[in-house]
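Colleague: Build me a model:
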Amino acid sequence: MLKNDLVDTIREKALWMRRRAFTMVYDAQLGHPGGDFSAIDIIATLYFGVMRYDPKKPDMPERDRFIMSKGHATGALYTALCAAGYYPEDWLKTYMQPQSKLNGHPNRNYLPGVETNTGPLGHGLPVALGIAIAGQMTNSDYRTFVLTGDGELQEGSNWEAAMSAGNRKLGKFTLIVDRNRLQQGMGTEETNGLDPLDDKFRAFGWDVEVVDGHDVGALVNALSEPPGGRSKPLCIIANTIKGKGVSFMENKASWHHGVPNAEQYDIAMEELV
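Modeller: Numbering: from 1, shown residues only. Coordinates of the predicted model:
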């Protein structure tokens, strides 16, 4: 597939994911749409432009691994797995319902394609580190990707994992930081400042790239493995907008876990075209 065609395909998938995720949140009157929408372009790029997997064989040993450390953003993850063919679209209608497999946080015991349970922030990166170390020890070819929120990086467990990854020179390990600069209630820099985030990861022995997290072409370039591979883990700091694509949600901390009323739902559907 030509790169322009690939970018167009990813954009189409991301639009579908935004519309479907917002409908899920509206129907359930539960969810985290702001964080879903900042992450959707990143996740769509991974699933439809970068990663190697087979939904018919979800435990395929050579598959690439994706860990959604910001586990509350399930609208983004569940729509991606559905679009990738892991389960039928009808399952999305059960989001957050009693006994649904589509919980508020992903559970690998219920859903194919989920590598590990996440939700408690600060756990996904250390778990992904262990998966990447296992690949290195067994000389496996798979890549390990993990997506964290930026506020989540205030958890100390992430920095233990970052130090270990740099020390082990895990060239097939990629961290993407959803840098929307908002967490529950207020901005990250008002809570516990993270900048200069790029210099921090470089000091821990990582390669670092800073990209526009909504520029699909830039994401494809950053996430694709270079010929000959890497000798260090890669941190991609993806500058994003919380609630991207819906005017009344963009850059609003209140939409971390806000849910739309009927009027807001209609407005969003008009804008998401």
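Colleague: tell me what the lowest-mean-pLDDT helix or strand in the chain is packed against?
Modeller: Ranked by mean pLDDT, DSSP states H and E, the weakest helix or strand in the chain is helix 188-192, scoring a mean of 93. Helices and strands touching helix 188-192, by 3 or more Cβ pairs under 8 Å, 6 or more residues apart in numbering; DSSP states H and E: there are none. For the C-beta atoms, the positions are set from N, CA and C on the backbone; glycine is no exception.
Colleague: mind saving the C-alpha coords of it as PDB?
Modeller: Extracted C-alpha coordinates of helix 188-192, given in PDB (Å, rounded to 0.1, in the frame of the first residue of the first chain):
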ATOM      1  CA  THR A 188      -0.300  18.200  34.300                       C
ATOM      2  CA  GLU A 189       2.100  21.100  34.800                       C
ATOM      3  CA  GLU A 190      -0.100  22.500  37.600                       C
ATOM      4  CA  THR A 191      -0.200  19.200  39.300                       C
ATOM      5  CA  ASN A 192       3.400  17.900  39.100                       C
END
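Colleague: quick one: contacts of it?
Modeller: Residues outside helix 188-192 that contact it (Cβ atoms under 8 Å, 6 or more residues apart in numbering): 150, 151, 154, 181, 182, 183, 185, 194, 195.
Colleague: Please compute how far it lies from its chain's middle.
Modeller: With Cα atoms, centre = their mean, to the nearest Å as the basis, helix 188-192 stands 21 Å off its chain's centre.
Colleague: Now the element after that helix, going C-ward?
Modeller: Later in the chain than helix 188-192, the nearest helix or strand by DSSP states H and E is helix 197-203.
Colleague: Name the surrounding residues that touch that next one.
Modeller: The contact list for helix 197-203, computed with Cβ under 8 Å, 6+ apart, reads 150, 153, 162, 175, 177, 179, 194, 208, 210, 235, 237.
Colleague: Same check on stretch 216-229?
Modeller: Residues outside stretch 216-229 that contact it (Cβ under 8 Å, 6+ apart): 3, 6-7, 10-11, 14, 41-42, 44-46, 49-50, 143, 145, 171-172, 174, 176, 209, 211-213, 236, 238.
Colleague: Could I have the buried ones of those as PyMOL selection syntax?
Modeller: This is the PyMOL syntax for the buried subset of these, where burial follows 16 or more other Cβ atoms under 10 Å:
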select buried, resi 6+7+10+11+14+41+42+44+45+46+49+50+143+145+171+172+174+176+209+211+213+236+238
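Colleague: Now tabulate the contacts of helix 197-203 in CSV and tack on pLDDT and secondary structure.
Modeller: Shown next, in CSV, are the contacts of helix 197-203 (pLDDT from 0 to 100; DSSP: H, G, I helix; E, B strand; the rest coil):
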residue, pLDDT, secondary structure
150, 97, coil
153, 97, helix
162, 98, helix
175, 98, strand
177, 98, strand
179, 98, strand
194, 96, coil
208, 98, strand
210, 98, strand
235, 98, strand
237, 98, strand
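Colleague: Tell me the one of the residues you listed nearest residue 126?
Modeller: residue 162 (9.6 Å; Cβ to Cβ).
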